[in-house]
Structures are given as structure tokens and as C-alpha cells.
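A.B. asks: sequence and predicted structure, then a few things I'm wondering about:
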Amino acid sequence: MGDDMHIYESAENYLEAILALSEHGAVRSIDVAQQLSVSKPSVSRAMSLLRENGYVLMDKDGFLTLTDTGLEIAQRIYERHRLLSKWLDPWLYSMLYNGILCLLVLAVNLIVLGVMQAVPALRARLFARQN
């Protein structure tokens with residue numbers, strides 16, 4: 001995220017988290033950190049940028065509120081995720097039922113394993129070229 005913070009996916013995630021949490025009461029940075037499983041310093045930096053860009057307000061007690069613009073973006077993202085999950089749920093169930101999901105997980109595991117095995121060799125080649 002740059003200082004002129006455009007709405008990137010991570011910013012959208014923070015706005016959506018504030019929206020979701022606000023349905024259950026007042027929201028503080030620590031709540032957002034727990035919701036997104038990120039560090040408190042990461043949330044502090046993101047909230048600073050979101051405040052600077054007019055998406056979030058923080059009161060003197062540290063409670064977060066979405067501005068009209070932030071709320072509009074959060075609602076748009078929430079709706080997109082809701083529609084996507086509504087569309088994907090039957091599709092994912094069908095894939096799981098047919099065993100395709102198991103094959104995809106196996107393929108991803110094999111790819112990750114291949115990358116993990118290749119990294120030391122790539123690192124050795126890079127350092128060998130520098131010397």
C-alpha cells in the first residue's frame with residue numbers, strides 16, 4: 001500500500017472486517033487484528049492510511065467507524081463475497097463429491113513441494129553468479 005493508498009485488496013479486507021465487526025458492536029483495532037489474523041502494527045499502519053484517505057474515522061477512545069465512502073466500499077466488497085460464496089458453494093460441493101477437489105489439493109501440494117525443493121538450488125545458482 002502506498003501513501004496515496006488506492007483501494008487494494010488488503011484495504012478492502014480491512015474495510016469489510018470493520019463492517020462485519022460493527023454489526024456486533026463497537027470496533028477497535030485489536031478486533032480487526034483478531035478478525036483478519038494479522039499483527040496489531042499491521043492494523044495500525046492500515047488504519048492510519050485508511051484514515052488519511054477518508055475511509056475510516058477513529059474517535060478519542062480508539063473506536064473505528066467507516067466513513068460514507070468506506071461504508072460504500074465495504075458493502076460492495078461484502079456483497080461481492082456473498083454472491084461469490086453463494087455461487088461457489090454448490091459448485092464446490094459438486095467438486096468435492098466427485099473427488100476433483102482432492103485431486104486439486106494433491107496437485108497444489110506437488111507444486112509447492114517442487115518449489116520448495118527448487119528454491120535451495122536456485123539460491124545456490126544466484127549466489128554462485130554473484131561471486
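C.D. replies: Great, that's in hand.
A.B. asks: burial count for Glu9?
C.D. replies: 8 (other Cβ atoms under 10 Å). For glycine as for every other residue, the C-beta is placed from the backbone atoms N, C-alpha and C.
A.B. asks: gap between it and Ile111?
C.D. replies: Going from Glu9 to Ile111 by Cβ to Cβ, to the nearest Å gives 22 Å.
A.B. asks: try Pro41
C.D. replies: 32 Å.
A.B. asks: centre of the chain to stretch 61-76, how far?
C.D. replies: Offset of stretch 61-76 from its chain centre (Cα atoms, centre = their mean, to the nearest Å): 17 Å.
A.B. asks: please read the previous query as pertaining to stretch 10-17.
C.D. replies: Per Cα atoms, centre = their mean, the centroid offset for stretch 10-17 relative to its chain is 7 Å.
A.B. asks: dump the C-alpha coordinates for it into PDB.
C.D. replies: Taking Å, rounded to 0.1, in the frame of the first residue of the first chain, the C-alpha atoms of stretch 10-17 are listed here in PDB:
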ATOM      1  CA  SER A  10      -5.800  -5.700   1.700                       C
ATOM      2  CA  ALA A  11      -7.500  -2.300   2.300                       C
ATOM      3  CA  GLU A  12     -10.800  -3.800   1.200                       C
ATOM      4  CA  ASN A  13     -10.300  -6.700   3.700                       C
ATOM      5  CA  TYR A  14      -9.800  -4.200   6.500                       C
ATOM      6  CA  LEU A  15     -12.900  -2.200   5.500                       C
ATOM      7  CA  GLU A  16     -15.000  -5.400   5.200                       C
ATOM      8  CA  ALA A  17     -13.800  -6.600   8.600                       C
END
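A.B. asks: no further queries at this time; thank you.
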